[in-house]
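Visitor: take a look and give me a structure for this.
(one chain, ligands or ions: 1)
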Amino acid sequence: MVDFKIDQEKCISCGICANDCPMRIIDMDQYPSLTLENEPKCIQCQHCMAACPVSALSIVGKNPEESEKTLDLPDSKLVDNMIKTRRSTRNYKDEILDKNLINEMLKTASYAPTGHNDNGVRFTATYDKESMSKFKEMIYSSIKSAKEEGKLAPEMNFLYQLQQIWENTGQDRIFWDAPHIVIASSSNKNVTPIEDSIIALSYFELLANSNNIGTLWNGMIKWTMEAIDPSLIKKIGIPEDHKIGYIMLFGKTNIKYPRAIQSNGIDIHSFTIS
Ligand SMILES: Cc1cc2nc3c(=O)[nH]c(=O)nc-3n(C[C@H](O)[C@H](O)[C@H](O)COP(=O)(O)O)c2cc1C
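Guide: Purely as a prediction, here's the structure:
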């Protein structure tokens with residue numbers, strides 16, 4: 001079922017795979033093995049294959065030689081600096097990103113952890129200007145219709161004000177003229193669909209930023225799709241059993257921040273138990 005295979009010519013019987021298995025279901029005899037009885041407990045995380053120092057272990061049909069090799073870690077000072085100097089982008093170039101680059105970044109984001117290794121995050125993105133502009137029209141028009149039909153909750157009235165700015169001045173305070181959007185969703189049958197989607201987008205954001213691509217988490221579009229006009233969810237092909245984790249705008253940025261903000265948000269505690 002999970003196709004657990006050991007290349008006995010390569011295996012050095014070190015036991016690392018058995019010790020790292022989160023379910024502790026790999027038996028170590030002369031060589032590692034997985035009994036038929038234990039197979040259903042496997043969450044197919046592939047830790048055993050990733051940890052094997054001699055590429056002797058294959059699972060779920062994967063060839064360990066085809067796994068990406070681990071490189072040296074990036075300089076922690078640079079990673080630290082990238083996190084501190086990351087900013088929400090509301091100032092985009094009117095330029096479409098290469099589709100392959102978007103797909104590569106989303107592919108990497110799908111390496112983010114998921115509860116119970118469900119791996120169910122679906123990315124729904126736009127690649128072209130026309131789809132983005134039509135989707136934007138749909139969002140603004142749903143807000144306007146809800147207001148006119150008296151269906152807009154008072155706490156959502158600010159969205160109507162933004163719609164009016166858009167209609168009267170062409171200023172886009174919801175999408176900020178971002179050229180691309182990605183919506184991360186996951187089936188409600190998965191154990192942690194919202195968390196999985198948000199974590200994947202966080203990974204996407206940092207990778208995008210490292211490629212000089214700006215990002216903006218966007219609650220306004222999410223609220224419009226979920227609370228004002230849920231028919232939009234189906235219209236863009238998100239499956240009915242999916243929960244939207246979050247939504248992110250992205251694209252080449254027009255602004256460079258030469259310094260970080262100064263965080264007021266630190267709230268660290270510790271506890272000791274005696
Ligand atoms: C969950 C979440 C939802 C957000 N929704 C929006 C949004 O709808 N529109 C917007 O302009 N910014 C949105 N933001 C961006 C925040 O306003 C922004 O993170 C905050 O102002 C701090 O700025 P910084 O990200 O540059 O540090 C959102 C951020 C998060 C984390």
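
Visitor: for residue 121, phi and psi?
Guide: Backbone dihedrals for residue 121, given as degrees, to the nearest 10, come out at phi -70, psi 130.

Visitor: in what helix or strand does the closest residue to it other than its chain neighbours lie?
Guide: The shortest distance from residue 121 to any non-neighbouring residue, by Cβ to Cβ, 6 or more residues apart in numbering, is to residue 200 (4.6 Å). Yep, even glycine has a C-beta here, placed from its N, CA and C like the rest. If you go by DSSP states H and E, residue 200 is part of helix 193-210.

Visitor: ok, residue 123 next?
Guide: Here residue 123 is assigned to strand 122-125, by DSSP H and E.

Visitor: who's in contact with that strand?
Guide: 102, 106, 109-110, 180-186, 200, 236-239, 242 (Cβ atoms under 8 Å, 6 or more residues apart in numbering).

Visitor: can you check stretch 202-222 too?
Guide: 82-83, 86-92, 97, 101, 105-106, 108-109, 111-112, 139, 159, 162, 174-176, 178, 181-182, 184, 201, 244, 246-253, 255.

Visitor: distance between the ends of it?
Guide: 16 Å (Cα to Cα, to the nearest Å).

Visitor: do it and the ligand meet?
Guide: Yes - on the criterion Cβ under 6 Å from any ligand atom, stretch 202-222 is in touch with the ligand at 216, 217, 218, 219, 220.

Visitor: who in this structure is up against the ligand?
Guide: 87, 88, 90, 216, 217, 218, 219, 220.

Visitor: give me that answer again for 8 Å
Guide: Selection of the chain residues close to the ligand by Cβ under 8 Å from any ligand atom yields 86-88, 90, 173-174, 176, 198, 216-222, 246, 261.

Visitor: hmm, which of those are the buried ones?
Guide: Taking 16 or more other Cβ atoms under 10 Å as the criterion, what is buried in the residues of the chain next to the ligand is 86, 87, 90, 174, 176, 198, 216, 218, 220, 221, 246.

Visitor: fine, thanks again, bye for now.
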